[in-house]
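Enquirer: quick one, what's the 3D model for this:
(2 chains)
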Amino acid sequence: MILWAAIVKKPPMKSQGGTTMKKFLALILTLCLTAALLTGCGSTGSENGDNGKPKEPTFVYTADYTPLEIENLNYVMSAAVAGDYVYMAGEVEVQVPYNPDGEGNGDVVPLPMPREKVAVTGIAVEAETMAPTVEVTTGGSYDPEAPDYVTEWVTKLYKANKDGSNVKEIESYEPIPMPEDKQGFSNLAGIYPKAEGGFMVLNMVSWNNMDYTEWGTDYYIQHFDANDNLVETNKLADVLGQDEYVNNMLVDKAGNIIMNCTEKLFVMTPDGQVKFEVERANDDWAEMVLLGDGNVAAIVYSYDEVAEKQVITLKILDMTAQTWQETSYTVDVFTEQLYPGDSKYDFYYTYSNTLFGYDVETGTATEVLNFIEAGVDKNYMNYMTIGDGEIVGIEFRWDEETGRQKGNLINMTLVDASTLPERKTLTIGVAYEDYELNDFVIQFNRTNTEYKLSIKNYGAYNTHSDSEAGITKLSTEVIAGNGPDILETSWLPVEQYVSKGLLVPISDYLDKDPELSVQGVVEPLRKAMEIDGKLYQTVSRFNVKTTYGLSKVVGTEMGWTFRDMMEARQMLQEGAYTLMDSETRSYIMSEMVYGNLDHFVNWQTGECSFDTPEFVNILNFAKDFPTEFDWTDYEYVSQQQLLTEGRLLMVESYVSNLMNLVGIRATYDEDLTFVGMPSEDGYGAYFQTGYFNFSITENCDDPDGAWSVIRHFMTQEFQENSWQFPANAAAFEKQMQEAMTVTYQTDENGEFILDENGEKIPEVKEWAWNELTGESIEITCATQEDADLLMEILNNTTRVYTQNSSLYEIVEDSVGAFFAGQRSAEDTAALIQSRAKLHVNEQK
Amino acid sequence: MSMNKNKKEYTKGKSRLRDFLTGTAFLFPSALGVLLFFVLPFGVVMYYSIIRSPLNAEFVGLKNYIDVLNNGSFQIAMKNTGTFSIVAVPLAVTLALVLALVLESRIPMKSLLRTFFLSPMMVPVASVILVWQVLFHYNGVVNGFLGVFGVEAIDWLYSDKCQIVVVLLYLWKNLGYNMILFMASLNNIPRSLIEAAEVEGASPLHIFFHIKLRYLSPTVLFVTILSLINSFKVFREVYLLTGNYPYEGLYMLQHYMNNIFKALDYQRLSAAAVILALIMVVIIALLFLIEDKFGKDVEQ
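Expert: Next comes the predicted model:
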């Protein structure tokens, strides 16, 4: 009130000129400072959209697939878009008469002759008459009476509408023939549209003379007019020395051919004459790319010795000055494949599942397209061309029905997101990419109308100095509530996440599921994976890592202690091996300590047992092994032989299915015991689960939806064809029954094939190799005894392998001085105990 | 007369108000910064320390505090940090004061010695650590030197002698700065007082304890607080020397916090941070009380 009174009663302010201005400026500055501070207060979902999930752009890419109607096409090696057409160079499978003396023949197949004239390396024949149209240059004679034909692959050029329709072969194209008296192969290296219409085709011919004393590569450029007629063929100037090679080539919009060779860059005229050459540092690797403005640039990879890091620089070729432009640009991105630029970006590149556009001036990379979200599996795509928002790709997949590769032309176009059917997005966070998961997501997105899956690969955040940076980022996002809806947990610290309440127990969903249940997971595995009685991740397949030895040496009980192991070793001859004949200290440490760290820790009580005599004995035991194995005079002796002769104590084994176990047993004439690694509690084996372990995070807005997606990986349908143990109990039981049932060979009509005695012939389910006798053992089925043994192994396996990098680092760091003889085993054990206890107690 | 008085008071009041508003305006950005970057985060930390998890904001009372106080690693970290501070801080203050007094006296090469003691401040920690690793490695220079006298090699960083290395490192790093602060403060003591005491036959010890130390008490307090804060920061050097999990004797509170942060245990991290803040507040309050008792008359 007093303040207010003072303000309202003040007399009119006298103009004070400069002072007032100063005050005004001071006020402005104050406001600016305050505003600057406020910039730190963003809205909750500012960058990534609400809840940190990727914001839906206004326009998104969608993919339209058109099957490529080209008979016997194996793959497309090059393609280009010009106007409304797509030009494709494809490798086509044809059958030609078998030439017994010829080079490069494939499998002999009695198939009808192809209907058209075909050209092959060194041979061209008239399909109808079988008469050679060019002289046979591959050596030997050609026998037109030969009854069989061989499969050959020829390059053909096709033209189609951009939507994949109306595919036609460009008849005027013919592969460049081999030089006289030479053999080798020719390849189409690229197709380049001309601005004035028509296109150019770059061909490469690699040859050698018959006795391999001379070799080389010739390049040819073929010019086609707008009507697809071959106008002329020019051989490029021979600029390569004997041991030089071409890194990559491109043709610019003026038709100049830029050849990036071992040490130099050659620029040639459209008729193949050298225009000029530019030096390039000998030890630098460079890739050429055509920029959006028509300039040719090289992205040069070099190593900065001072900064000790790789430097990527973009240099632009000055065609007028015939040298590099003075200004070069640092490119600070990882690239996999470069693509020419357009009016939007200087160039494009792919990395992982993303296509980026790059602006050279600003050095910024912009995400243009996520292939998975667009419904394209980049791993199947063998060609792609980009231009002003239009992307054309060609993919090839194996078609089970036809038993051949099947090609699709993919048109990726930008569409308004609002015109697409509305779907909820569920994000799957992965530490590492998996092709099978990518494929699943793409197929899911093509068919599911309610949900759209998106994969976020945190592995992309790993750096050279921090290989776990991606996992750290993932963990931070999860705990901040901005993480993905679903996690693929194969490489993630699940127990840690669970203890922090970050994961939803999936056992709750299993209990409610009409088809699946908690009890429906193979029991020993389920028990090993449960945390406080609940499952937090799906599991699809597993195997058991264990060791086996002869029962007469290692005993008949599963599981043993280090003391037991040392006693068993006494029964073997002097100098016997423990795990294999080339074992080293690091191998022993890795198998007996690093892979077994959990055995020395009680995570519940926080107790560690690294300072026990057992651990001290293991250290002393490991110290006796060499740091490096001496391979001089090494002679291979099979583990079977070593074990049988008492020269090896135990063999490491990954039991993946029942037949696998039967195969191991069948190899030996003696009884085996699956003892596992020595451990105090006697449970030295562990489960390994593969990919497709999924968890639902607490911050998932739609856990029911997430469950509806990940439950697929726990179904019998998904798991039953696995070569490993299925985690689904029904699928597991089915696999067991199939292994224990004799099945018989049938012919193509489903009729049993009978032997000379009229008996059905059993199908061989597993082959084993007896290296002592040199005989292969055919196994037709498992017995009940095998199945019982397997169940005993599974029931004696109580934990799932998880890597604890902190414990590993503590032990590895501490044992160095011991192995160097600077610290006793007891002191080392005490040191590890001291350090490990800190870590274990922190986790309590 | 009364009119004049009112006008004067009005002008004075107006001036005060203007000063207040100007001061507030200039203070506002800083105050906002402190609020945003210190007060607010501390509030968030307090909040995190009493809930179950960031995704499950269930109120759990003091559970996280009890968990932290009962945690074996936290107890070891507290013990080590406390021991280190109790040993290193008094040493850093006392030795810096002694050095300042020595450099204040008439000795040759004062400037050179001053530079010598300040030089550790200029060296980046990472490179210093490399030197210290070489010095205190099992096959290092120190063991080599001691070996000359028949002393058996000591595993300095992985034995009970580990804190000696860190105390030495801490003193080496901080003595110079503390010394400069004391030297500046010593220069501010009125010469007339010392000269008068000398004329009256006071001994140098008497002058030091009854005049110099009394005048230095605010600086002693400041240096002590600074040294205490720096003693908590010694984690950086220990971490570079021995990593996340050092020998038990070098495991400091920041190790504990750093590790549980990496383990995503934000609740216990927050509780530990609050406990540490409380301890710091208590220690600093005690130091203020002591300084208040011993140096108040001098300040007045």
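
Enquirer: low-scoring stretches of the stretch 151-300 of chain B, by residue?
Expert: Where the stretch 151-300 of chain B drops to pLDDT under 70, the residues are B:295-300.

Enquirer: what does it put close to chain A?
Expert: Applying C-beta under 8 Å from any C-beta of the partner chain, we find that the stretch 151-300 of chain B lies next to chain A at B:153, B:155, B:158, B:243-248, B:251, B:255-256, B:259-260, B:262-266. Every C-beta, even on glycine, is put in place using the N, C-alpha and C of the backbone.

Enquirer: before we move on, what about the stretch 1-150 of chain B?
Expert: So the stretch 1-150 of chain B meets chain A at B:10, B:13-14, B:17, B:25-26, B:28-29, B:32-33, B:36, B:52-56, B:71-73, B:76, B:138-139 (C-beta under 8 Å from any C-beta).

Enquirer: any idea of the mean pLDDT in stretch A:591-606?
Expert: For stretch A:591-606, the mean per-residue pLDDT is 81.

Enquirer: can you mark which positions in that stretch are buried?
Expert: Within stretch A:591-606, the residues that count as buried by 16 or more other C-beta atoms under 10 Å in any protein chain shown are A:591-593, A:595-601, A:606.

Enquirer: stretch A:706-714 now?
Expert: A:706-711, A:713-714.

Enquirer: swap in stretch A:439-447?
Expert: Neighbour-count burial for stretch A:439-447 [16+ other C-beta under 10 Å]: A:440-442, A:444-445.

Enquirer: re earlier: just the buried subset of the residues of the stretch 1-150 of chain B next to chain A, please.
Expert: B:13, B:25, B:29, B:53-55, B:71, B:73, B:76, B:138.

Enquirer: check pLDDT for the residues you listed and point me to the minimum.
Expert: Confidence-wise, B:L55 trails the rest of these, at 73.

Enquirer: list the contacts of that one.
Expert: A:479, A:481, A:501-502, A:698-699 (C-beta atoms under 8 Å, 6 or more residues apart in numbering or on different chains).

Enquirer: ok, and which of the residues you listed reach chain B?
Expert: Answer for those near chain B (C-beta under 8 Å from any C-beta): A:479, A:481, A:501-502, A:698-699.

Enquirer: ok, of the residues you listed, which come out buried?
Expert: Among those, the ones that count as buried (16+ other C-beta under 10 Å) are A:479, A:501-502, A:698-699.

Enquirer: identify the farthest-apart pair in those residues.
Expert: A:G501 and A:N699 (11.0 Å; C-beta to C-beta).

Enquirer: which non-adjacent residue is nearest A:V811?
Expert: A:I832 (5.6 Å; C-beta to C-beta, 6 or more residues apart in numbering or on different chains).

Enquirer: show me where the stretch 301-450 of chain A has strands.
Expert: Using DSSP state E, counting those that start in this stretch, the strands of the stretch 301-450 of chain A run over residues A:309-318, A:323-330, A:337-340, A:347-351, A:354-359, A:364-370, A:381-387, A:390-399, A:404-416, A:424-430.

Enquirer: closest to chain B out of those?
Expert: strand A:424-430 (14.7 Å; C-beta to the nearest C-beta).

Enquirer: in its sheet, what does the closest one sit against?
Expert: In the sheet, strand A:424-430 lines up against strand A:451-457 (parallel), strand A:486-488 (parallel) (DSSP bridges).

Enquirer: can you put those strands in a markdown table and add mean pLDDT?
Expert: Output for the strands paired with strand A:424-430, formatted as a markdown table (pLDDT from 0 to 100):
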| stretch | mean pLDDT |
| --- | --- |
| strand A:451-457 | 90 |
| strand A:486-488 | 95 |
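
Enquirer: just name the most buried of those strands.
Expert: strand A:486-488 (a mean of 28; mean count of other C-beta atoms under 10 Å in any protein chain shown).

Enquirer: who's in contact with that one?
Expert: Counting by C-beta under 8 Å, 6+ apart, A:426-431, A:434, A:437, A:474, A:478, A:497, A:503, A:691-697, A:700, A:706, A:709-710 sit against strand A:486-488.
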